[in-house]
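[1] Sharing a model prediction with you, sequence too.
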Amino acid sequence: MKTAALPAPVAPPLAAIKAFGRSVGPGVVLCLFVTLAAVGLTSIERDILGYVWLEPLVLAILLGAAVRTAWTPDARFKAGVDFSARTLLEIAVVLLGASVSAATLSALGAGFVIGILGLVALAILIGFGLGRALGLNPRMALLVACGNAICGNSAIAAVAPVIQADGEEVAASIAFTAVLGVIVVLALPLLGGLIHLNGLRYGALAGLTVYAVPQVLAAAAPYGAVSIQTGTVVKLVRVLMLGPVVLVLSLILRDRAPGAARPGLTRLLPWFIAGFLAMVALRSLDLIPQALLSPMAATSGLLTVIAMAALGLQTDIRAVARAGGRVVAAVLLSLAALVLLAFGLIWALGL
């Protein structure tokens, strides 16, 4: 008797990929729609105003939160939204490392680099203390402090999974920090003019205080090429603090968790931070082809906007508004402290 032929089994990897796609697809598509809307609004801003006031990243958060407030996505969207808010964001952080090269640090000198590292550490401590004094929970206070001291939204995004911050905490801290970042870009050139800073000093001030690299370029541009170059290099040194800060936070949280087992290397150094540092090393060794740098930066930016749309979709804007006053106060006071620290460092090193 002949045995009936069994159907050929589907290759497990292919089946897993298909199942994963069905699981995350609806949520990712929803995030992409919000992202496209944010990019479209940015184009309208540019056409009407002649410049971009709110970047796609900020608009994606606001639009996502507006959608979430008006309509709660059902369970089929959850996996894809969570994937976009976490995994895509971690990939974006890794790609961000390709924009940082150790060669760019040589123009500053060792003293100024060490001063920047100390400023970042002190700004985090002060920001966290101010946040706690204002009644923010430890996670929110850390998000605000790290975003303020390092690189705004990217730092918040990198720290969030390590401290297990939820979507509302991340979106609230990013939304307020991002909006304030726009205000700083507009106000900082006026401050530089009032106190008659030269291009070198103003560039250093912009690099030490403005949140995102594109915002540093915008803030430094009115003071010329020296200001732009100085601001960019200083800003990149701040970005370099992202990995060490996350590693230290991982160690602190491990030590404070009662009864927690000793974590392995992957817990102490999250994969995306290891990837970020690896990208910095590859860029410094000139092992990343120049032709890839621009596409990598663009991909990192796009993934970050998609992730911000996901964070917005995880957030009911009414819940954010309830905690808004304290967050705004924490961000403003932390920024004021950062500006004072920046002036102190600039004058102490005689720039």
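    In hand now; what should we look at?

[2] From Leu54, how far off is the residue nearest the centre of the chain?
    The chain has Ser154 as the residue nearest its centroid, 1.0 Å off, counting by Cα atoms, centre = their mean. Separation of Ser154 from Leu54 (Cβ to Cβ, to the nearest Å) stands at 17 Å. C-beta here means a position set from N, CA and C on the backbone, and glycine is covered the same way.

[3] who touches the residue nearest to the centre of the chain in this structure?
    Ala92, Val93, Leu96, Ala212, Val239, Leu242, Thr304 (Cβ atoms under 8 Å, 6 or more residues apart in numbering).

[4] remind me which residues of the stretch 251-351 of the chain are low pLDDT?
    Applying pLDDT under 70 to the stretch 251-351 of the chain flags residues 254-270, 273, 316-324, 351.

[5] for it, what spans make up the helices?
    265-268, 271-284, 290-313, 317-322, 324-348 (DSSP state H, counting those that start in this stretch).

[6] now these in a markdown table, with distance to Leu200 and mean neighbour count?
    Shown next, in a markdown table, are the helices of the stretch 251-351 of the chain (distance: least, Cβ to Cβ, whole Å; neighbours: other Cβ atoms under 10 Å):
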| stretch | distance to Leu200 | mean neighbour count |
| --- | --- | --- |
| helix 265-268 | 39 | 12 |
| helix 271-284 | 24 | 19 |
| helix 290-313 | 26 | 21 |
| helix 317-322 | 39 | 16 |
| helix 324-348 | 9 | 18 |
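
[7] Reformat the ones you listed as a markdown table; add distance to Ala221.
    Putting the helices of the stretch 251-351 of the chain into a markdown table (distance: least, Cβ to Cβ, whole Å) gives the following:
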| stretch | distance to Ala221 |
| --- | --- |
| helix 265-268 | 40 |
| helix 271-284 | 24 |
| helix 290-313 | 19 |
| helix 317-322 | 32 |
| helix 324-348 | 19 |
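
[8] To Ala160, which of these lies closest?
    In terms of Cβ to Cβ, the element of those nearest to Ala160 is helix 290-313, at 8.8 Å.

[9] And the closest one, what does it pack against?
    helix 12-49, helix 56-70, helix 78-96, helix 153-163, helix 167-194 (3 or more Cβ pairs under 8 Å, 6 or more residues apart in numbering; DSSP states H and E).

[10] Between these, which one is closest to Leu122.
    Closest among the helices and strands packed on helix 290-313, using Cβ to Cβ: helix 153-163, at 15.4 Å.

[11] ok, back up a step: would you mind saying which of the helices of the stretch 251-351 of the chain lies nearest Gly27?
    helix 290-313 (7.5 Å).

[12] Which helix or strand in the protein has the lowest average pLDDT?
    Lowest by mean pLDDT, DSSP states H and E among the helices and strands of the chain is helix 265-268, with a mean of 48.

[13] hmm, back to that, between the helices and strands packed on helix 290-313, which one is nearest to Thr299?
    Between the helices and strands packed on helix 290-313, helix 78-96 lies closest to Thr299; by Cβ to Cβ that is 5.8 Å.

[14] Quick check: next helix or strand after the closest one?
    helix 110-133 (DSSP states H and E).

[15] Tell me the buried residues in that next one?
    112-113, 115-116, 119-120, 122-124, 126-132 (16 or more other Cβ atoms under 10 Å).

[16] what do you get for stretch 236-251?
    236-243, 245-247, 249-250.

[17] of the contacts of Ser154, the lowest pLDDT goes to which?
    Ranked by pLDDT, these bottom out at Ala212, which scores 73.
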